[in-house]
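Undergrad: here's my sequence, what's the structure:
(2 chains)
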Protein chains: 2
Amino acid sequence: MYVEQATRQQLQDWQEELFANHQRFMSSGLNLDLTRGKPSAAQLSLANVLDGILDGNYFSADGTDTRNYGGLDGLPAMRQLAADMLGVKAEEILVGGNSSLTLMYFSVLFAWQFGLSGPDSAWRHEGAIKFLCPVPGYDRHFAICEKFGIEMVNVPMNNDGPDMDVVEALIRNDPGIKGIWCVPKYSNPTGCIYSANTIERLAKLGSIAAPNFRVFYDNAYAVHDLKDSPAELANIMAFCEKQGTENSVLQFGSTSKITFAGAGVAFMAGSKANLNTMKKHLEIATIGPDKVNQLRHLKMIGNMTELRNHMARHAELLRPRFACALQHLEENFRDSDLGEWSPPDGGYFISFDTRPGLASAVIRLAAEAGVKLTPAGATFPYGKDPDDKNIRLAPSFPTVEDIDRAMAVFCNAVKLASVNQRLGA
Amino acid sequence: MYVEQATRQQLQDWQEELFANHQRFMSSGLNLDLTRGKPSAAQLSLANVLDGILDGNYFSADGTDTRNYGGLDGLPAMRQLAADMLGVKAEEILVGGNSSLTLMYFSVLFAWQFGLSGPDSAWRHEGAIKFLCPVPGYDRHFAICEKFGIEMVNVPMNNDGPDMDVVEALIRNDPGIKGIWCVPKYSNPTGCIYSANTIERLAKLGSIAAPNFRVFYDNAYAVHDLKDSPAELANIMAFCEKQGTENSVLQFGSTSKITFAGAGVAFMAGSKANLNTMKKHLEIATIGPDKVNQLRHLKMIGNMTELRNHMARHAELLRPRFACALQHLEENFRDSDLGEWSPPDGGYFISFDTRPGLASAVIRLAAEAGVKLTPAGATFPYGKDPDDKNIRLAPSFPTVEDIDRAMAVFCNAVKLASVNQRLGA
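TA: Sure, this is the predicted structure:
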């Protein structure tokens, strides 16, 4: 369906048919939800062995009684596993509680309030500061900036990561830019993987940006592949070491979508200097993370081989869900001028761009028909999509049957909104 | 032993004998530690049943899949249990991660940065602000204030809690006072229990202090009794309701010294307005606490009866340790002018005051003889004990045998330092 070249009569015929479909959906009493970027119950059950896995032995291999206080760094074996996941050294890892978001929040807080390179480097002393936000992106990253009054600047997201020409030009011209949010693998929501060139240029930002600038590198989907031979993500710390910019990058990860979404283990990676600063401030806020849960995780997933095997079982559950959603998009929009998307090789989302100005209308129509979609603008800073076109679809949680029904409603809504727009114009 | 009235000859005889003891201790190669306010391995083992207690069922009574994201408030049953522990209503409870210290840190952070009663109430807008700190007190409370540059003002601690005449006078004269740290039951380290009168007056502070003042009420030892018929703590929220000062108190608690010190469940209590504010800011920093661990705790300790029974088993392990330490103090200092202490009925500490100016010397002597004590001044803001007399003894972690040996060293050190001081004078 190409609405651009269609005649008025053709558009009116389509509108009639699409609206009839829409009314049929409305009267069928659907109650479906494509908003939730969280694992399904079946995925969570893959880790059910966690509870009880210790068999009464709460001591870790290094002799720590995990039940007692302390251990701000994390258990040595957990640091090693996290290091292997993020491609760094064990001593470059700090293990946190159950939430990498909390580690990101603390990182921004400490940088803002206390400074990551001494008190003079605290962002709060510099008046209005800014973060670069490749868009579309992750709403919870943006929410942290908004909370601290950090101005967010949109940067275009390409298929190989943020548009680095734009990023570098902005940073060269404005020392008030203190950070950039990145999800380098299966980016939320576009699913793209940053190229080696993009990552090398991100690693070089530390040499052109202000000394208190940091790349916030949220590698949330480091091992969350849908295919058997996944693409390798280039190693940002290796590039940093070549450039001498090790202090300019903070990496984050967790097992939230590996074991239990609410009860996993979060961690971050950074240079020795950055980690020492983090710990100096973090030890005021906690006596240490839950080491018993770290030990449970180590018993279940002790090394990368076991981790890859475990993630293959997740992929088995996720693949049919993504396939179903993508098939609807293929069948409805392959030969059309109604929308754009890229099939992701991993992660949790499909990013769909409608014709400009239609995301809100599509989401409203889908809601009328009983299908909840992520609010328009949610993938942009301040919830404002300048083109009102991006919609984040999350197929991990519902059943394939529900995805099938929800996508039928969604595709019809995209078509109907597009036709309505042309006829209104 | 009374050094005040002793003759020079008597002091010299004592010095000779005590120094000989000290040398004997030094050559015996002791390596003991009375600094650690943490449970012993035997206490932790009382909760070993936690791992595996779910028997494959991760759904809570209210139908929540505890493995997935969400649940910022905590599971309803966990909120009820925490409410029963703190004497409030379930809807006045917010369940956090594994650390009540983190909830306190976030409370100070949010009050400082964002304001607990709207943006205008943020402490950072008011320049230099102050907290009242009953002394001796808990070093980690003081560390939070120090981190945020909040000036700490010492307030005398009596046997029934902070000297409220002093507290009220200071608050009436200075709207820059924004908080007071309290450990109302088995206060850290004196072990005192705040009287009903003290608690009523704390509840009334909200009517004389600045609107953005809060009582930080850390009820860390709410059920940590050493005796079978423990004293009842008066209910501060009941007093607040009478006064209309519900917004002026934030309460904190956890199961850290009930189940696992590093892997328990923390919670806070507050008015609906305070909790809503907390959640508004907290939801930016986390998607929710570990609900699986909450469910484990509920399976193990579902109600206050089970909790009391469990705490009785802790008391059985703690009583001989406290008894041993107290017996040494009794035998050595009951008839003396060398020090003061009060036998606590619960909690984790014994607070010992030497003659003025001697705490550092005692701690140094004990260290020479292989007994590590909490650093002098640790129980005071900025680590400065103006009288250099308070020493916090923590008998929970070592064996009774080790406490016995350590206390022999300690008592000799107190005597030797006292005699040295008199002879030097």
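Undergrad: which residues in the stretch 251-400 of chain A form strands?
TA: A:266-269, A:339-341, A:350-354, A:371-372, A:390-393 (DSSP state E, counting those that start in this stretch).
Undergrad: ok, the closest residue to chain B within the stretch 101-250 of chain A to residue B:106 distance?
TA: At 3.9 Å from chain B, residue A:105 is the closest residue in the stretch 101-250 of chain A, using C-beta to the nearest C-beta. Placement of C-beta: from N, CA and C, glycine included. Between residue A:105 and residue B:106 the computed distance is 10 Å (C-beta to C-beta, to the nearest Å).
Undergrad: what's the overlap in contacts for those two?
TA: residue B:285 (C-beta atoms under 8 Å, 6 or more residues apart in numbering or on different chains).
Undergrad: ok so, going back, of the strands of the stretch 251-400 of chain A, which is nearest chain B?
TA: Among those, strand A:266-269 sits nearest to chain B (C-beta to the nearest C-beta), with 9.8 Å.
Undergrad: where does the stretch 301-425 of chain A dip in pLDDT?
TA: A:425 (pLDDT under 70).
Undergrad: residue of it nearest chain B, please.
TA: At 8.7 Å from chain B, residue A:397 is the closest residue in the stretch 301-425 of chain A, using C-beta to the nearest C-beta.
Undergrad: spatially nearest residue to that residue (excluding sequence neighbours)?
TA: Nearest non-adjacent residue to residue A:397, counting by C-beta to C-beta, 6 or more residues apart in numbering or on different chains: residue A:36, 4.5 Å away.
Undergrad: including mean neighbour count and distance to residue A:243, could the strands of the stretch 251-400 of chain A go into TSV?
TA: TSV is the format used below for the strands of the stretch 251-400 of chain A (neighbours: other C-beta atoms under 10 Å in any protein chain shown; distance: least, C-beta to C-beta, whole Å):
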stretch	mean neighbour count	distance to residue A:243
strand A:266-269	26	17
strand A:339-341	17	35
strand A:350-354	23	31
strand A:371-372	20	45
strand A:390-393	26	33
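Undergrad: ok, which of the ones you listed comes nearest residue B:334?
TA: strand A:266-269 (52.2 Å; C-beta to C-beta).
Undergrad: could you confirm whether the closest one reaches chain B?
TA: No: against chain B, strand A:266-269 shows no contacts by C-beta under 8 Å from any C-beta of the partner chain, the least distance being 9.8 Å.
Undergrad: how far away is residue A:356 from residue A:385?
TA: With the distance defined as C-beta to C-beta, residue A:356 ends up 10 Å from residue A:385.
Undergrad: who has more neighbours out of these two?
TA: Using other C-beta atoms under 10 Å in any protein chain shown, the more surrounded residue of residue A:356 and residue A:385 is residue A:385, with 24 against 12.
Undergrad: check contacts around the more buried one.
TA: Counting by C-beta under 8 Å, 6+ apart, residue A:385 has contacts A:135, A:136, A:359, A:376, A:377, A:379.
Undergrad: give me phi/psi at it?
TA: phi -90, psi 110 (degrees, to the nearest 10).
Undergrad: ditto for residue A:214
TA: phi -140, psi 140.
Undergrad: now do residue A:154
TA: On the backbone of residue A:154 - angles per degrees, to the nearest 10 - the values are phi -70, psi 140.
Undergrad: and it, what does it touch?
TA: Neighbour list for residue A:154: A:133, A:135, A:380, A:381, A:386 [criterion: C-beta under 8 Å, 6+ apart].
Undergrad: which of those tops the neighbour count?
TA: Counting by other C-beta under 10 Å, top hit in these: residue A:133 with 25 neighbours.
Undergrad: grab the nearest non-local neighbour of the residue most central in space within chain A.
TA: Closest residue to the average C-alpha location of chain A: residue A:188 at 3.7 Å, with C-alpha atoms, centre = their mean. Of all residues not flanking residue A:188 in the chain, residue A:138 sits nearest, at 4.4 Å (C-beta to C-beta, 6+ apart).
Undergrad: pretty sure that neighbour sits against residue A:218.
TA: Yes: using C-beta atoms under 8 Å, residue A:138 is in contact with residue A:218, at 7.3 Å.
Undergrad: more neighbours: which of the two?
TA: Neighbours per residue, other C-beta under 10 Å: of residue A:138 and residue A:218, the larger number sits with residue A:218, 27 against 23.
Undergrad: surely the more buried one and residue A:179 touch.
TA: No: the criterion here is C-beta under 8 Å, and residue A:218 misses it with residue A:179 at 11.6 Å.
Undergrad: now do the contacts for the residue nearest to residue A:188.
TA: Residues near residue A:138 by C-beta under 8 Å, 6+ apart: A:181, A:183, A:188, A:189, A:218, A:379.
Undergrad: so which bits of the stretch 151-300 of chain A are right by chain B?
TA: A:256, A:260-263, A:281, A:284-293, A:296.
Undergrad: restricted to helices, list the residues you listed.
TA: A:281, A:284, A:285, A:291, A:292, A:293, A:296 (DSSP state H).
Undergrad: filter the residues you listed down to the buried ones, PyMOL style.
TA: Only the buried entries of these go into this PyMOL selection, using 16 or more other C-beta atoms under 10 Å in any protein chain shown:
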select buried, chain A and resi 281+284+285+291+292+293+296
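Undergrad: okay if I get the ones in helices among the residues of the stretch 151-300 of chain A next to chain B as JSON lines plus distance to residue B:406 and pLDDT?
TA: What follows is these, written out as JSON lines (distance: C-beta to C-beta, whole Å; pLDDT from 0 to 100):
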{"residue": "A:281", "distance to residue B:406": "33", "pLDDT": "97"}
{"residue": "A:284", "distance to residue B:406": "29", "pLDDT": "97"}
{"residue": "A:285", "distance to residue B:406": "31", "pLDDT": "97"}
{"residue": "A:291", "distance to residue B:406": "27", "pLDDT": "98"}
{"residue": "A:292", "distance to residue B:406": "29", "pLDDT": "98"}
{"residue": "A:293", "distance to residue B:406": "33", "pLDDT": "98"}
{"residue": "A:296", "distance to residue B:406": "35", "pLDDT": "98"}
